[in-house]
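Engineer: need coordinates for the following:
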Amino acid sequence: MKTSTTKWVLGHRVSLHETSGDYDLAFGETPAGVPGPPPHLHENFTESFLITEGEMEFFVNGEIKVVKAGESVNLPKNTVHTFSNKSHAVCKWVNIHSPKGFRQFFEDMGVNENGVDSQEKSVDESIVAKVIATAANYDMQLKL
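Structural biologist: Numbering: from 1, shown residues only. Now for the predicted structure:
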């Protein structure tokens, strides 16, 4: 079994796992108070989150939903969404994108978890600018 790759991506610790199916699988940890990516949609991916610990606030097509441990949210194609951890505790989650392909965003935009100040570096202005400039390359249509 291959070990996962773990990176800090826009302030979130994301462990990427290999799959044999046509989907990408990630396990994430979002520290307290960390915002998510800019509001966006995927034209070619469906996305799901399962919260395993804590809670996450999701913005989905104009509505705010607080999703708690044991609950999930499904995001069909063309659904405008973002998320943030507005609580005072870490939130842990499982994320699936289908079909495969979105993993490359995490690989390209992430900072190796073992570096010095990796979480802080993952939200550096240069990385945020790169995310905004290249989002469409990853089927991430920003809705700023």
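
Engineer: these two touch, right, Lys77 and Ser98?
Structural biologist: No - counting by CB atoms under 8 Å, Lys77 sits too far from Ser98 to count as a contact (9.9 Å). Yep, even glycine has a C-beta here, placed from its N, CA and C like the rest.

Engineer: so what sits against both of those two?
Structural biologist: Counting by CB atoms under 8 Å, 6 or more residues apart in numbering, the contacts common to Lys77 and Ser98 are 45-46.

Engineer: higher neighbour count, these two?
Structural biologist: Between Lys77 and Ser98, Ser98 has the larger neighbour count (other CB atoms under 10 Å), namely 18 against 13.

Engineer: what about the residue nearest to the more buried one when sequence neighbours are not counted, neighbour count?
Structural biologist: Sequence neighbours aside, Tyr23 is the residue nearest to Ser98 in space, at 4.0 Å (criterion: CB to CB, 6 or more residues apart in numbering). Using other CB under 10 Å, Tyr23 is surrounded by 18 other residues.

Engineer: any idea how far Tyr23 is from Gln141?
Structural biologist: Note on Tyr23: its distance to Gln141, by CB to CB, to the nearest Å, is 20 Å.

Engineer: ok, Gly101 next?
Structural biologist: 15 Å.

Engineer: Gly115 contacts Lys121, doesn't it?
Structural biologist: Yes - using CB under 8 Å, Gly115 is in contact with Lys121, at 6.8 Å.

Engineer: picking up where we left off before, the residue nearest to Ser98 and Ile132: what is the separation?
Structural biologist: 26 Å.

Engineer: and if you look at Val90?
Structural biologist: Computed as CB to CB, the Val90 to Ile132 distance reads 26 Å.

Engineer: okay, helices next: where are they in this protein?
Structural biologist: If DSSP state H is used as the criterion, the helices of the chain fall at 103-109, 118-121, 125-134.

Engineer: which other helices and strands contact the last one?
Structural biologist: With contacts defined as 3 or more CB pairs under 8 Å, 6 or more residues apart in numbering; DSSP states H and E, helix 125-134 has these neighbours: helix 103-109.

Engineer: over to the first one?
Structural biologist: Helix 103-109 makes packing contacts with strand 5-9, strand 12-17, strand 24-30, helix 125-134 when contacts are defined by 3+ CB pairs under 8 Å, 6+ apart.
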